[in-house]
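In: Here you go, sequence then predicted model.
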Amino acid sequence: MHFHSPARSLLTALARRSNHTLAVAPVIRPYTFILASSWAGKPIHPEDIPKVPFSKDSLIGKWRSKTLARGSSNSIPSTDPGEDFFYVQQMRSHSVVEGVSFGVADGVGGWVESGVDPALFSQALMYHAHRYSRNAWAGEPEIDPTMDYEEREQVEGWEMTPYECLDLAYGGVLREKFVQAGSSTACLINLNASSGILRSANLGDSGFSIIRSASIFYRQRAQTHFFNCPKQLTKLPANAGRKFARACIDSPSEAATYQTKLRDGDIVVAYTDGFSDNVFPSEMVTICALVARQGGPEELQVQRIADRLVEYARQCMMSKKRVSPFEREAAREGMFFRGGKPDEYAPPLPSYRLTNPYASVTVIVGLVRETS
């Protein structure tokens, strides 16, 4: 699969919703990354448990609003990403873009039964991942060997792997007083614009795939304790006692890490389990190929891919006639499940199930281009 476009003279790290462009830096690097995000949460329903979001005046609240202001597809009736959240952040040294960091997180919906909004944990986790990666390097800092020692010390920034970023972001969530409890899976990815190296850290059943030459080059395997119970970062309520004795409490050190060198034309797709439970890898490859055949600017193509993947996942989760990845995984465990996997934590009310059965879905798509 190949996207056609004129040769680029700029390093472009884009996170798009509709016509929103994150940034363009006038510095040539060997690799260019074009990124697009798309998401769909749950329609608001009268039976929903009331939520108290981050204040719009708080740091996380402002960042959340800015991130969501990029919009969502008109064909997806969603005003909120639900328990999911994401970030896309340029990694800089002064005014030079050295790469891009991005990630997805899925708040564990089971906390709803304890009166906890699962979205707060995932939003805070992504906020702190964005915050720590903002001034970090995607690789080793570039220092002129002719510089004096004092001058070298003034070079700002430091190399940060997704593994280190996940650990720091988790610590930030634990210090957030507004997040009293919760859990989340997470998948963090760094792309290095100088070397083309991809690094990742994944905990739980969110994940990513790399598409190369119209086939799956790599697919991150889910981490679970047992079927449908992913590994997860957790914050327990203060003075919880034994009430949450059965809660899964995993460490960032348990995250699976991966590293590879990307090639021109590679497509990186990160997603939450609302996507991977309902869409097969081969279907993801087909959607990418079909969108590419439509032509147009690459930025628009990447955005269309992200939107089509989310839309297709939403269609699949509502079908009981179509075999889903979740159904096959259940069969391997000796369990019966038919069709797509919708929201498993919706209130057990027929009216709710009929009008609001969707699970949250979040997808980030990145296209790799070599500029030299």
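Out: Perfect, I can see it now. Fair warning: this is a prediction, and the values are worked out from it, not measured in the lab.
In: Only C-alpha atoms from now on, for both contacts and neighbour counts.
Out: Fine.
In: so how far is Arg221 from Ser276?
Out: 10 Å (Cα to Cα, to the nearest Å).
In: Settle it for me: which of these two has more neighbours?
Out: More neighbours surround Ser276 than the other of Ser276 and Arg221, with 23 against 15 (other Cα atoms under 10 Å).
In: what about the more buried one, distance to Asn192?
Out: Distance from Ser276 to Asn192, by Cα to Cα: 26 Å.
In: Show the pLDDT at the closest residue to Leu203 other than its chain neighbours.
Out: Leaving aside its sequence neighbours, Leu203 sits nearest to Ala255 (Cα to Cα, 6 or more residues apart in numbering; 4.6 Å). We have a pLDDT of 97 for Ala255.
In: Dihedrals phi and psi, Ala255?
Out: Main-chain torsions, Ala255, degrees, to the nearest 10: phi -70, psi 140.
In: begin at 14 from here
Out: In the new numbering, first residue 14, that becomes Ala268.
In: what's the spacing between it and Arg144?
Out: Ala268 is 20 Å from Arg144, by Cα to Cα.
In: Give me the next element, helix or strand, following the longest helix seen in the chain.
Out: Ranked by residue count, the top helix of the chain under DSSP state H comes out as helix 311-330. Counting by DSSP states H and E, the element after helix 311-330 in chain order, helix or strand, is helix 338-345.
In: what does that following helix contact?
Out: Here helix 338-345 makes contact (Cα atoms under 8 Å, 6 or more residues apart in numbering) with 240, 289-293, 349-354.
In: Repeat the analysis, applying 6 Å as the threshold.
Out: Residues from elsewhere that reach helix 338-345, judged by Cα atoms under 6 Å, 6 or more residues apart in numbering: 290-291, 350-351.
In: Without its sequence neighbours, what residue ends up closest to the residue nearest the centre of the chain?
Out: With distances taken as Cα atoms, centre = their mean, the residue of the chain nearest its centroid is Val117 (2.0 Å). Spatial nearest neighbour of Val117, chain neighbours left out: Phe99 (4.3 Å); criterion: Cα to Cα, 6+ apart.
In: Please give me every residue in contact with Leu201.
Out: By Cα under 6 Å, 6+ apart, the residues touching Leu201 are 115-116, 175, 213-214.
In: right, and the pair among the residues you listed with maximum separation?
Out: Within those, Phe115 and Ala214 form the most distant pair, 11.0 Å apart (Cα to Cα).
In: could you pull out the helices for the protein?
Out: For the chain, applying DSSP H gives helices covering 72-81, 131-146, 162-166, 175-188, 286-289, 294-306, 311-330, 338-345, 363-368.
In: who wins for proximity to Ser196 among the ones you listed?
Out: Each of the helices of the chain was scored for nearness to Ser196 using Cα to Cα, and the closest is helix 131-146 (6.3 Å).
In: Need the residues that contact that closest one.
Out: So helix 131-146 is in contact with 96, 98-100, 102, 118, 120-122, 178, 182, 186, 195, 197, going by Cα under 6 Å, 6+ apart.
In: re the thing from before, would CSV of the contacts of helix 338-345 with distance to Ala227 and neighbour count be doable?
Out: Below are the contacts of helix 338-345 laid out as CSV (distance: Cα to Cα, whole Å; neighbours: other Cα atoms under 10 Å):
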residue, distance to Ala227, neighbour count
Asp290, 21, 22
Asn291, 20, 26
Phe350, 30, 16
Arg351, 29, 17
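In: Adding pLDDT and distance to Ala326, write these out as CSV.
Out: Below are the contacts of helix 338-345 laid out as CSV (pLDDT from 0 to 100; distance: Cα to Cα, whole Å):
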residue, pLDDT, distance to Ala326
Asp290, 95, 9
Asn291, 95, 6
Phe350, 89, 17
Arg351, 88, 16
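In: if we can go back for a sec, pretty sure the residue nearest to Val117 sits against Asp119.
Out: No: counting by Cα atoms under 6 Å, Phe99 does not reach Asp119; the two are 8.9 Å apart.
In: quick revisit: where strands are concerned, which of the contacts of helix 131-146 count?
Out: Among the contacts of helix 131-146, the members falling in strands (DSSP state E) are 98-100, 102, 118, 120, 195, 197.
In: Next, give me the two most distant ones among those residues.
Out: Gln102 and Gly195 (24.3 Å).
In: Which of those two has more residues huddled nearby?
Out: Neighbours were tallied for Gln102 and for Gly195 using other Cα under 10 Å; the higher tally belongs to Gly195 (26 against 23).
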